[in-house]
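Asker: quick one, structure for this:
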Amino acid sequence: MTEFHYHIPDASEHSRFLEYIAKMPGNDTPAIFGLHPNADLTFRLKESNEMIDTLLDIQPKDAGGGGSGKTREEEVKDKLQKDLIPMLPIDYVELEYKA
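Answerer: Residues are numbered from 1 along each chain as shown. The predicted model follows:
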């Protein structure tokens, strides 16, 4: 994958600007903002944690004790590990995924 070259198109027609915009990538690399490549990883981890926190917050609050001795967070974590982790590819490589 080659890096997209950002520039102001040398055009005066509106349609040429729209064509250039259509060619722009959907996701930008952290490097174009002067950030280290790990910034993307940090962002994705933070976004994932926020999503899981939101899922935990909207879980029904059960007044009765389930008898398992686990907190809601531990039960959701166990369920995620049991159901979702096995569905992930063995070696996740973003470039292969996009191809």
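Asker: can we go C-alpha only for contacts and neighbour counts from here?
Answerer: Will do.
Asker: how close does the residue positioned nearest the centre of the chain get to residue 24?
Answerer: Note on the chain: the residue nearest the mean C-alpha position is residue 44, at 4.7 Å, using Cα atoms, centre = their mean. Noted for residue 44: a distance of 21 Å to residue 24, by Cα to Cα, to the nearest Å.
Asker: ok, now residue 88?
Answerer: According to Cα to Cα, residue 88 stands 29 Å off from residue 24.
Asker: could you list the buried residues of the helix ranked longest in the chain?
Answerer: The residue-count maximum for a helix in the chain (DSSP state H) belongs to helix 38-57. Using 16 or more other Cα atoms under 10 Å as the test for burial, helix 38-57 gives residue 56.
Asker: please shift the residue numbers so they start at 23 in all later answers.
Answerer: Done: numbering now begins at 23, and the last item shifts to helix 60-79.
Asker: now that helix: average pLDDT?
Answerer: Taken as a whole, helix 60-79 has an average pLDDT of 88.
Asker: by contact count, what packs against that helix?
Answerer: On a contact count with 3 or more Cα pairs under 8 Å, 6 or more residues apart in numbering; DSSP states H and E, helix 60-79 meets helix 94-105.
Asker: now the angle between helix 60-79 and the helix it packs on, please.
Answerer: Between helix 94-105 and helix 60-79, the angle comes out at 120 degrees (axes from the mean of the first three to the mean of the last three Cα atoms, to 10 degrees).
Asker: state the mean pLDDT of helix 94-105.
Answerer: Averaged across helix 94-105, pLDDT comes to 81.
Asker: buried ones in that helix?
Answerer: Within helix 94-105, the residues scored as buried using 16+ other Cα under 10 Å are residue 98.
Asker: what packs against it?
Answerer: Secondary-structure packing of helix 94-105 (3+ Cα pairs under 8 Å, 6+ apart): helix 60-79.
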